[in-house]
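Enquirer: fold the following, please.
(one chain, ligands or ions: 1)
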Amino acid sequence: MTRPGQDTAWSLGVHGGAGVNRGEALLPDHRAAIRSGLETALTAGARVLEGGGSSVDAVEAAVRCLEDSPWFNAGRGSVFNARGEIELEASIMEGRTLAAGAVAGLRGIRNPVTLARRVMERSPHVFLHGEGAIAFATAEGLETADADWFWTEHRWKAFERARGIAQASAPQPGEHGTVGAVALDTAGNLAAATSTGGLTNKWLGRIGDTPIIGAGCYASNAACAVSCTGQGEYFIRATIARDIAALIEYGGQDAQTAARLAIEQRLAKIGGEGGAVVVDRSGTIAFAFNTEVMLRGKVSRDSPSRVGIHLADLC
Ligand code: GLY
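Expert: The predicted structure is shown next:
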């Protein structure tokens, strides 16, 4: 909601997944690539916001960067499902209007977040899946990418490891990840976007929390914008993103308390692991996670960018 005379503060928070620090998953080279990827996403989103652009433009720009990196589980760096294939999903939401768009079951679409935005802005629907979503992407002229673009050695190794250990039963804990961004723009509008390849070794057709509005993504100018990462089934059951917004809107909590309550109590109570990034109407960015690491970053009009991986990292 734009108010005459309001200040021009802006803020951006991003995440690149939460999980446990398993062996090669965070070797020093990988850690450096993650930090650099998060910085690139922050720079892209901040450029939009600094120039007076919208929070929707900013979260899309930031998430596209993360989708194009091979180091995050979204777009190019996505994990493999139980068939050794990649199925992508994403969502986006605008806090001013509560407009939202989501996509799932995608193959070969380079930037799922952009397709989610097209669903939000150029379709009468909120959520498109599979063949229909891909047909819409084609009609919209969105960029495609072949299997080579999406294939990464570290994800393939994780898939083989999961197959060997789990024999196509449960997905491997610790291999999950998602990317996301939340923003407040200079007009006072909030937005959130989330994108993922899901879980390593997930069943064909499995959909996680990422494209579920209210679970992995939510934005309302009445409260905050939220993007989540973690074990999707639990985030769906606990409606974590909407829960955080409700704790702020109806419960009068601040962003950090709301995020902490939702993750450490509501999510953890049913056995879920993961985290969330939140931005509230004042531009405060909050992170909460109950995993060993959460790849994350933030920047605002008043503070230079910071990125963090472990809890102790100042971010
Ligand atoms: N949060 C990612 C997933 O469960 O798919």
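Enquirer: what's the one helix or strand residue 12 maps to packed up against?
Expert: Using DSSP states H and E, residue 12 maps to strand 11-19. Applying 3 or more Cβ pairs under 8 Å, 6 or more residues apart in numbering; DSSP states H and E, one finds that strand 11-19 contacts helix 28-50, helix 55-68, strand 179-184, strand 224-230, strand 274-280, strand 285-289, strand 293-300. Just so you know, the C-beta spots here come from the backbone N, C-alpha and C atoms, and that holds for glycine as well.
Enquirer: got the angle between that strand and strand 293-300?
Expert: Strand 11-19 and strand 293-300 meet at an angle of 180 degrees, taking axes from the mean of the first three to the mean of the last three Cα atoms, to 10 degrees as the criterion.
Enquirer: so how far is strand 11-19 off the chain centroid?
Expert: 7 Å (Cα atoms, centre = their mean, to the nearest Å).
Enquirer: and it with the ligand, contact?
Expert: No - remark: strand 11-19 sits outside contact range of the ligand, by Cβ under 6 Å from any ligand atom, the gap being at least 8.2 Å.
Enquirer: for that strand, list the C-alpha coordinates in CSV.
Expert: Output of strand 11-19 as CSV, limited to C-alpha atoms (Å, rounded to 0.1, in the frame of the first residue of the first chain):
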residue,chain,number,x,y,z
SER,A,11,15.1,-4.4,2.0
LEU,A,12,15.8,-7.8,0.4
GLY,A,13,16.4,-11.2,2.0
VAL,A,14,17.4,-14.3,0.1
HIS,A,15,18.0,-18.0,1.0
GLY,A,16,19.6,-20.8,-0.9
GLY,A,17,18.3,-23.7,1.2
ALA,A,18,18.6,-25.2,4.7
GLY,A,19,19.9,-28.6,5.7
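Enquirer: returning to what we had before: out of the helices and strands packed on strand 11-19, which gets nearest to the ligand?
Expert: The closest of the helices and strands packed on strand 11-19 to the ligand is strand 224-230. By Cβ to the nearest ligand atom, the value is 5.4 Å.
Enquirer: and the closest one, anywhere near the ligand?
Expert: Yes - Strand 224-230 reaches the ligand (Cβ under 6 Å from any ligand atom) through 229, 230.
Enquirer: same for that strand, what does it pack against?
Expert: Strand 224-230 packs on strand 11-19, strand 179-184, strand 190-196, strand 217-220, helix 240-249, helix 255-260, strand 274-280, going by 3+ Cβ pairs under 8 Å, 6+ apart.
Enquirer: possible to save the ones you listed as JSON lines with mean neighbour count?
Expert: Converted to JSON lines, the helices and strands packed on strand 224-230 look like this (neighbours: other Cβ atoms under 10 Å):
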{"stretch": "strand 11-19", "mean neighbour count": "30"}
{"stretch": "strand 179-184", "mean neighbour count": "35"}
{"stretch": "strand 190-196", "mean neighbour count": "34"}
{"stretch": "strand 217-220", "mean neighbour count": "30"}
{"stretch": "helix 240-249", "mean neighbour count": "25"}
{"stretch": "helix 255-260", "mean neighbour count": "23"}
{"stretch": "strand 274-280", "mean neighbour count": "30"}
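Enquirer: how about TSV for those, with distance to residue 292 added?
Expert: Shown next, in TSV, are the helices and strands packed on strand 224-230 (distance: least, Cβ to Cβ, whole Å):
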stretch	distance to residue 292
strand 11-19	7
strand 179-184	18
strand 190-196	19
strand 217-220	24
helix 240-249	19
helix 255-260	17
strand 274-280	11
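Enquirer: rebuild the ones you listed as TSV, extending it with mean pLDDT.
Expert: Below are the helices and strands packed on strand 224-230 laid out as TSV (pLDDT from 0 to 100):
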stretch	mean pLDDT
strand 11-19	96
strand 179-184	98
strand 190-196	98
strand 217-220	98
helix 240-249	98
helix 255-260	98
strand 274-280	98
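Enquirer: and stretch 143-158, C-alpha only, in PDB?
Expert: What follows is stretch 143-158, C-alpha atoms only, in PDB (Å, rounded to 0.1, in the frame of the first residue of the first chain):
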ATOM      1  CA  GLU A 143      13.500 -19.700 -22.300                       C
ATOM      2  CA  THR A 144      14.000 -23.500 -22.200                       C
ATOM      3  CA  ALA A 145      17.200 -25.400 -21.500                       C
ATOM      4  CA  ASP A 146      18.200 -29.000 -22.300                       C
ATOM      5  CA  ALA A 147      19.200 -31.800 -20.000                       C
ATOM      6  CA  ASP A 148      22.900 -30.900 -20.100                       C
ATOM      7  CA  TRP A 149      22.100 -27.500 -18.600                       C
ATOM      8  CA  PHE A 150      20.400 -29.100 -15.600                       C
ATOM      9  CA  TRP A 151      22.900 -32.000 -15.100                       C
ATOM     10  CA  THR A 152      25.400 -31.400 -12.300                       C
ATOM     11  CA  GLU A 153      27.900 -34.000 -11.000                       C
ATOM     12  CA  HIS A 154      27.300 -33.300  -7.300                       C
ATOM     13  CA  ARG A 155      23.500 -33.700  -7.700                       C
ATOM     14  CA  TRP A 156      24.000 -36.900  -9.700                       C
ATOM     15  CA  LYS A 157      26.300 -38.300  -7.000                       C
ATOM     16  CA  ALA A 158      23.800 -37.400  -4.300                       C
END
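Enquirer: nice, that's everything, thank you.
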